[in-house]
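[1] below is the sequence, then the predicted model.
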Amino acid sequence: MDSTRLHDWHVAAGAKMAPFAGYDMPISYPTGSVEEHHITRRSVGLFDIDHMGQVEVSGPGADAFVSRIASATVLDMKDWDARYSLLLAEDGGVIDDLFIYRLPGKWWIVVNASNRHADVAWFQKHAGTGVKIDDISDATYMIAVQGPKAIELLDLVSTVKRGGGAKVAELPRFTSGELLVSGVPVLFGRTGYTGEDGGELFFPADKAEFLWKLLLAEGEKHGIETKAIGLGARDSLRFEAGMPLHGHEISSAINPIEAGFKWACGLEKDFIGKKAVEAIMAAGPKRKLVGLDVTGGVPREGYEVQSADGKKIGECCAGMFCPTVKKYAANAFVDPAYAKVGTAVKVVIHGKAKDALVVKRPLYIPAYRR
């Protein structure tokens, strides 16, 4: 099993460690996942996410290649723009979801940890001549700095070198820039996976412990609550904000239409999987992703969803207690006939059918969309 360069720091901090995507990762700290969730919502959470992968794409054929493998429209992106996209198979299944950054002279693509090697192999298979694929994950470290005070903290320690604006706060959401953080060169993306403002930092891997400790110390110095956050809270944060986790709301067995990601498909251009997506749209999806407000128990992945009269209509793909909205909730794929908001259904929990209601997703509106 792999470990990140902050592994020893996490253990010394009392983190509960567990395997995730082939890495020994911090799930929670003595603070507890629920409080870590609240810290991120009210101030600043630091996330060690170096299990994620980074791929550089360059060369004269790079633009056409990225446009073809990405479901989203990307050729309208300007230098320093960032955009969410899907990576689809020919049959429309979601191989992975990506964040794509357009940088001067190249593309920077962030992939999920468990899919890194498969994604790179897919890129190489479709690259052709004039396209250079560089997996730079091992040399690059990734930390997320998230929360309503995240940008304030980053502005205290950073100088913007390229990308527009004199301050981090002047970089718009879904753009990027080059920062200098206490002498360390950082590619900063004003992106994230929590529903809060903030960003993601990419920098030389040997500077991981230095920057991690710097951010914690500067937060304390300036009276900004800044804490390390584990993957448990990361999951509840993303769940509330309606963001997918590969293997749950999206996977190679799930297509963008049933998962509600038509918006991430640039149907005006060609991309791998487009024909399948169009065929699914024409026929209508056989199931739809919905949110469920559940009463009387904790819903979990794999739990059966029933109609009010006891007919099986689907299955939960994720479920948990949501600390911000104070609800037990699930995401589930159900028969489209039962997908309307307000529909009463049941979730079978430990053999007993519990009341649930189809609700609008996301449960928590991301701060940058309010």
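    Perfect, thanks for sending it.
[2] next one: whichever helix or strand Ile100 is part of to chain centre, how far?
    Assigned by DSSP states H and E, Ile100 belongs to strand 94-103. Remark: strand 94-103 is offset 10 Å from the chain centroid, using C-alpha atoms, centre = their mean, to the nearest Å.
[3] try stretch 28-45
    For stretch 28-45, the distance to the chain centre is 18 Å (C-alpha atoms, centre = their mean).
[4] also stretch 70-88?
    15 Å.
[5] check which residues of that stretch are buried.
    Residues 70-74, 77, 80-88 are the ones in stretch 70-88 that count as buried (16 or more other C-beta atoms under 10 Å). Every residue, glycine included, has its C-beta placed from N, CA and C.
[6] if we can go back for a sec, packing partners of the strand holding Ile100?
    Using 3 or more C-beta pairs under 8 Å, 6 or more residues apart in numbering; DSSP states H and E, the elements in contact with strand 94-103 are strand 82-88, strand 106-111, helix 116-127, strand 184-189.
[7] quick one: closest of these to Leu156.
    strand 184-189 (14.0 Å; C-beta to C-beta).
[8] just the buried positions in that closest one, please.
    In strand 184-189, counting by 16+ other C-beta under 10 Å, buried: Val184, Val186, Leu187, Phe188, Gly189.
[9] check stretch 27-42 too.
    Buried, per 16+ other C-beta under 10 Å, within stretch 27-42: Ile27, Ser28, Tyr29, Thr31, Ser33, Glu35, Glu36, His37, His38, Ile39, Thr40, Arg41.
[10] return the subset of those residues lying in helices.
    Ser33, Glu35, Glu36, His37, His38, Ile39, Thr40, Arg41 (DSSP state H).
[11] for the fourth one, what are its contacts?
    His37 is in contact with Ile229, Ala233, Ser236, Leu237, Pro323, Thr324, counting by C-beta atoms under 8 Å, 6 or more residues apart in numbering.
[12] of all those residues, which comes closest to Phe65?
    The closest of the contacts of His37, once distances to Phe65 are taken by C-beta to C-beta, is Leu237, at 33.0 Å.
[13] what strand or helix carries that closest one?
    Per DSSP H and E: helix 231-240 holds Leu237.
[14] helices and strands around that helix, which ones?
    Counting by 3+ C-beta pairs under 8 Å, 6+ apart, helix 231-240 packs on strand 23-28, helix 33-42, strand 312-322.
[15] export the ones you listed to CSV and append columns for mean pLDDT and distance to His51.
    Below are these laid out as CSV (pLDDT from 0 to 100; distance: least, C-beta to C-beta, whole Å):
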stretch, mean pLDDT, distance to His51
strand 23-28, 97, 4
helix 33-42, 98, 18
strand 312-322, 98, 19
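[16] quick check: which of those is nearest to Gly128?
    Here strand 23-28 is closest among the helices and strands packed on helix 231-240 (C-beta to C-beta), at 32.2 Å.
[17] many thanks, we can stop here.
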